[in-house]
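Asker: coords please:
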Amino acid sequence: MAVSATHNGWRFDPSNSRLDFYYRGTRAGHIDAAGVEATGTLTVTGAATLSGTLTVTGAATLSSTLTIGACAPTYTFPSDDGSCGQQLTTNGSLALSWAAASLGAYKTGLGVLCSNESLETLKSTPVRRFVYDRSKIPPQTWAPSYEMTGFFAEEAPWAMQGKKREVFSPMNAIGVLASAIKALAEKVERLEARTA
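Answerer: As a prediction, this is how the structure comes out:
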């Protein structure tokens, strides 16, 4: 449908049964029975409700908060993209920020872990073979279908994190494992010294 080069606004297109909108004579999108199509930047001021599937091709920018699910909390995201090596973390009050978990500057030291205790902890913790029981996993929770090996949270609280100690912590697990390896190395050194 021909329009002037300066036309801004709406025009009904009867051949396609849709309402087209134009900016400076160029069709920028339309509304029809299938939904809304727009090119360029779409700015919504106030509340917007979408039913069905939202597909985003390209970058999605969130300038403030994000709520996922009807009963989910509303998170406030940081306003910058952080630095290389940083990770997204929460303060426990729904505010997210960037932090470098591996830097000592972000930690308060509580002493050195006893290597012998770490070794005994590992020795007393069963390493199990298992598969996930999908009938017991909460809906929309991903889990592999193949056999795995590892710890059960209730048997290895030292390798977990979170308020209920149910989420695996690579940091805790690696820390205890490295400490136990040191204990074994010390035992080997003592044995070698005796047989030298």
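
Asker: what's the longest helix in this structure?
Answerer: helix 170-195 (DSSP state H).

Asker: who does the helix or strand of the chain with the lowest mean pLDDT pair up with?
Answerer: Across the helices and strands of the chain, the lowest-confidence element by mean pLDDT, DSSP states H and E is strand 65-67, at a mean of 71. Note on strand 65-67: by DSSP bridges, its sheet partners are strand 74-76 (antiparallel).

Asker: just the helices from the chain, written as ranges.
Answerer: When assigned using DSSP H, the helices of the chain occupy the ranges 115-124, 170-195.

Asker: show me what the longest one is packed against.
Answerer: Helices and strands in packing contact with helix 170-195 are listed as helix 115-124, strand 160-161; criterion 3 or more Cβ pairs under 8 Å, 6 or more residues apart in numbering; DSSP states H and E. Where you see a C-beta, it was placed from the backbone N, CA and C, and this is true even at glycine.

Asker: the helices of the chain: which one's closest to P78?
Answerer: helix 170-195 (21.5 Å; Cβ to Cβ).

Asker: returning to what we had before: out of the helices and strands packed on helix 170-195, nearest to F21?
Answerer: The nearest among those, by Cβ to Cβ, is strand 160-161 at 50.7 Å.

Asker: from the chain's centre, how far out does that closest one sit?
Answerer: Chain-centre distance of strand 160-161: 16 Å, with Cα atoms, centre = their mean, to the nearest Å.

Asker: over to stretch 19-36?
Answerer: Worked out by Cα atoms, centre = their mean, stretch 19-36 lies 36 Å from the chain centre.

Asker: quick one: end-to-end length of that stretch, please.
Answerer: Using Cα to Cα, to the nearest Å, one end of stretch 19-36 lies 10 Å from the other.

Asker: what's that stretch in contact with?
Answerer: Stretch 19-36 has contacts (Cβ atoms under 8 Å, 6 or more residues apart in numbering) with 1, 3-13, 16-18, 37-40.
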